[in-house]
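> pasted the sequence and its predicted model underneath.
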Amino acid sequence: MTVTSKILKEGDEDPEVKIELKKQITLLNGVAIIVGIIIGSGIFVSPVGILKEVDSIGLSFVMWIVCGLYNALCAVCYAELGTTIPESGGEYIYIYRAFGEVPAFCCLWINFILICPVGIAASALIFSMYILQPLFPDCNIPDNGLALLATSIFTLLVAINCWNTKWATKIQVVITASKLIALLTVIVIGFYYIIGLGETENFKNPFEGSDFSAGAIAISFYSGFWAYSGWSYLNFLVGELVDPHKNLPRAILISMVIVIVTYLIANVAYVAVLTPAQMLSSPAVAVTFGEHTMGVMAWLMPVLIAISVCGTMNGCALGFSRLFYVGSTKGQMPAFMGMIQQKRLTPSPSLLVILIMTLIYTSTGDIFFLIEMEGFGFASVLTMVFAGQVYLRYKEPDLPRPIRLPILLPIILCIISFLIVALTFYQKTRESLMALGFVAFGLVMYIVCVVWKNKPKFIQQKMYAINTLIQKCLIVLPVDNPDEVDWD
């Protein structure tokens with residue numbers, strides 16, 4: 001079947017319009033997307049996740065700093081890769097360029113089965129928890145209610161992303177402002193307790209009882225990953241970024257400085273008000289903070305936090321839908337995921353697949369399990385990305401690099417990422433084997449769906465019929481010459 005890319009515009013007789021994603025993301029949009037994704041549920045949940053592993057305020061602060069610096073250095077490496085290879089698809093494209101199809105598919109599959117839906121599901125459940133917790137002050141929130149609200153809010157965000165990309169990016173700016181207001185509220189109140197009331201008791205003997213074991217530090221790293229994750233997602237959208245060679249590194253650096261400083265100050269504010277025991281016993285540490293300090297206005301804190309978590313989900317939908325879209329144009333995902341809506345020019349098939357995958361994971365209800373699974377997948381992908389960055393220096397030494405970092409930096413980050421994965425196998429064997437099982441299943445799917453070219457005719461007809469049905473239902477078209485799309 002031949003699908004036409006011809007779209008009639010009002011006032012024109014029969015113009016040819018190229019079917020592709022538009023460059024409409026500015027520097028401000030880029031900063032809002034990154035900050036909006038990073039400052040989501042992490043800072044409101046990860047303080048508990050880190051503290052329960054390392055067992056002391058002092059070491060938890062060290063881990064926040066270490067995680068921040070590590071993620072900032074990773075972001076700088078991604079800035080080099082993003083300006084060197086300015087294509088949408090992010091880490092998938094970098095691994096594809098360095099190592100070829102099979103490692104790139106592993107990256108794509110890990111993002112598809114672990115990082116994307118697991119991370120969004122965790123954020124959606126956290127959103128529900130913050131909204132519903134005030135309604136159930138003395139009892140547990142019903143699991144069905146938690147899952148229903150989580151699926152409802154993400155479905156709404158997916159609908160907005162399917163309708164208009166500009167709407168999605170504008171919403172991200174508003175959400176980013178809301179979450180900064182929430183954190184500013186925490187910071188102001190916390191420092192009032194320190195400076196105005198002299199509350200410094202919780203800072204005494206900060207390293208007492210610390211767990212310095214490698215396993216505890218590795219697992220606490222995952223909560224740090226969760227809190228800082230999101231800096232890489234703008235690389236998925238480079239094809240839609242205005243002047244990516246300048247705006248990508250600027251957006252990444254501006255965003256990381258804002259986030260690291262904000263996180264460190266916010267953690268000081270938490271500790272000024274809450275004891276370690278109070279933090280560990282709280283399912284929603286920022287809500288507990290508000291209950292102790294805001295009186296009748298305590299309801300405002302969970303509302304602001306819930307809005308901020310929406311930013312994480314919205315940004316993930318923006319970024320990952322483009323990743324899977326690019327994977328499809330490379331022939332490594334179903335063909336319909338490489339199509340965009342005829343009038344709206346949005347990757348609606350990819351967005352709807354993300355929605356379905358997220359709904360499946362939302363039913364688990366175990367937030368910290370989801371965080372650990374997502375962290376394992378993320379560390380695995382980072383190991384491949386930095387190894388590819390090093391190899392590209394050897395494979396394509398003359399490739400123009402607007403940003404050129406010392407080669408030692410990606411080497412060190414690759415080793416650290418690999419050690420985190422290895423330590424996780426030792427500390428969380430069951431979860432690690434489960435994640436490996438998902439990857440192994442993906443390789444089987446790759447052999448069956450991608451490598452096996454000469455499929456029986458009835459299978460090809462079924463696949464063709466499915467793609468055709470989805471095209472008709474969603475009114476989507478393949479991009480014009482996907483292998484020749486100018487992403488610059």
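Noted; the coordinates are in hand.

> what's downstream of the strand or helix carrying residue 292, the next helix or strand?
In this assignment (DSSP states H and E), residue 292 forms part of helix 285-293. Downstream of helix 285-293, the next assigned helix or strand under DSSP H and E is helix 300-329.

> could you figure out how far the helix holding residue 292 is turned away from helix 300-329?
170 degrees (axes from the mean of the first three to the mean of the last three C-alpha atoms, to 10 degrees).

> residues contacting residue 61?
206, 264, 267 (C-beta atoms under 8 Å, 6 or more residues apart in numbering). From N, CA and C alone the C-beta is placed, and that goes for glycine too.

> and the nearest residue to the second one once chain neighbours are set aside, what element?
Beyond its immediate neighbours in the sequence, the residue positioned closest to residue 264 (C-beta to C-beta, 6 or more residues apart in numbering) is residue 64, lying 6.2 Å away. Assigned by DSSP H and E, residue 64 belongs to helix 57-84.

> how about the secondary structure of residue 345?
On the three-state scheme (DSSP: H, G, I helix; E, B strand; the rest coil), residue 345 is labelled coil.

> what's the neighbour count on it?
If you count neighbours by other C-beta atoms under 10 Å, residue 345 ends up with 20.

> rewinding a little: among the contacts of residue 61, name the buried ones.
206, 267 (16 or more other C-beta atoms under 10 Å).

> so which of the contacts of residue 61 sit within helices?
Using DSSP state H, the subset of the contacts of residue 61 located in helices is 264, 267.

> hang on, the earlier thing: what's the mean pLDDT across the helix holding residue 64?
In this model, helix 57-84 has a mean pLDDT of 86.

> and if you look at stretch 300-320?
Mean predicted confidence for stretch 300-320 is 79.

> may I see the buried residues of that stretch?
Quick answer for stretch 300-320 (16+ other C-beta under 10 Å): 301-302, 304-320.

> just the CA coordinates for that stretch, please, in CSV.
Extracted C-alpha coordinates of stretch 300-320, given in CSV (Å, rounded to 0.1, in the frame of the first residue of the first chain):
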residue,chain,number,x,y,z
LEU,A,300,-1.0,22.8,49.6
MET,A,301,2.2,20.8,49.7
PRO,A,302,0.9,17.5,48.3
VAL,A,303,-0.9,19.4,45.6
LEU,A,304,2.3,21.2,44.5
ILE,A,305,4.3,18.0,44.6
ALA,A,306,1.6,16.1,42.6
ILE,A,307,1.8,18.8,40.0
SER,A,308,5.6,18.5,39.9
VAL,A,309,5.4,14.8,39.4
CYS,A,310,3.2,15.4,36.4
GLY,A,311,6.1,17.2,34.9
THR,A,312,8.3,14.1,35.2
MET,A,313,5.6,12.0,33.4
ASN,A,314,5.0,14.7,30.7
GLY,A,315,8.7,15.0,30.0
CYS,A,316,9.2,11.3,29.8
ALA,A,317,6.3,11.0,27.4
LEU,A,318,7.9,13.7,25.2
GLY,A,319,11.3,12.1,25.3
PHE,A,320,10.7,8.4,25.1
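
> any idea how far that stretch is from the chain center?
Distance of stretch 300-320 from its chain centroid, counting by C-alpha atoms, centre = their mean, to the nearest Å, is 11 Å.

> same question for stretch 298-312.
Worked out by C-alpha atoms, centre = their mean, stretch 298-312 lies 18 Å from the chain centre.

> can you list contacts of it?
In contact with stretch 298-312 (C-beta under 8 Å, 6+ apart) are residues 36-42, 44, 119-120, 123-124, 126-127, 130-131, 133-134, 153, 157, 172, 175-176, 178-179, 181-182, 185, 230, 284, 286-287, 289-291, 294.

> only whichever of those are buried, select them in PyMOL.
Under the burial definition 16+ other C-beta under 10 Å, those of the contacts of stretch 298-312 that qualify are selected in PyMOL by:
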select buried, resi 36+37+38+39+40+41+42+44+119+120+123+124+126+127+130+131+133+134+153+157+172+175+176+178+179+182+185+230+284+286+287+289+290+291
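
> now, the contacts of stretch 298-312 that are in helices?
Per DSSP H, the contacts of stretch 298-312 map to helices at 36-38, 42, 44, 119-120, 123-124, 126-127, 130-131, 153, 157, 172, 175-176, 178-179, 181-182, 185, 286-287, 289-291.

> can you get me the start-to-end distance on stretch 203-222?
24 Å (C-alpha to C-alpha, to the nearest Å).

> can you give me the buried ones in it?
The neighbour-count criterion (16+ other C-beta under 10 Å) identifies 206, 210, 216-222 as the buried residues of stretch 203-222.

> export those to TSV and tack on distance to residue 415?
Formatted as TSV, the buried residues of stretch 203-222 follow (distance: C-beta to C-beta, whole Å):
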residue	distance to residue 415
206	29
210	25
216	20
217	15
218	14
219	19
220	19
221	14
222	18
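
> so which of these is the closest to residue 105?
residue 222 (24.3 Å; C-beta to C-beta).

> now the closest residue to that closest one other than its chain neighbours, what's its secondary structure?
Leaving aside its chain neighbours, residue 222 sits nearest to residue 375 (3.2 Å; criterion: C-beta to C-beta, 6+ apart). Using three-state DSSP, the structure places residue 375 in helix.

> separation between the most centrally placed residue in the chain and residue 119?
The chain has residue 230 as the residue nearest its centroid, 4.5 Å off, counting by C-alpha atoms, centre = their mean. Residue 230 sits 9 Å away from residue 119 when distances are taken as C-beta to C-beta, to the nearest Å.

> again with residue 184
25 Å.

> same check, this time on residue 296
Distance of residue 296 to residue 119, computed by C-beta to C-beta: 34 Å.

> kindly check the end-to-end length of stretch 398-412 for me.
23 Å.

> which of the residues in it are buried?
Neighbour-count burial for stretch 398-412 [16+ other C-beta under 10 Å]: 401, 405, 409-410.

> wait, residue 55 touches residue 210, no?
Yes. Counting by C-beta atoms under 8 Å, residue 55 touches residue 210, with 5.9 Å between them.

> sorry, back to before: in JSON lines, list the buried residues of stretch 398-412 along with distance to residue 140 and secondary structure.
Formatted as JSON lines, these follow (distance: C-beta to C-beta, whole Å; DSSP: H, G, I helix; E, B strand; the rest coil):
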{"residue": "401", "distance to residue 140": "53", "secondary structure": "coil"}
{"residue": "405", "distance to residue 140": "48", "secondary structure": "coil"}
{"residue": "409", "distance to residue 140": "46", "secondary structure": "helix"}
{"residue": "410", "distance to residue 140": "45", "secondary structure": "helix"}
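
> and those residues, which two are the farthest apart?
Largest pairwise distance in those, by C-beta to C-beta, is 13.3 Å, between 401 and 409.

> residue contacts, the closest residue to residue 114 other than its chain neighbours?
Leaving out its chain neighbours, the residue that sits closest to residue 114 by C-beta to C-beta, 6+ apart is residue 377, at 3.5 Å. Counting by C-beta under 8 Å, 6+ apart, residue 377 touches 110-111, 114-115, 118, 435.
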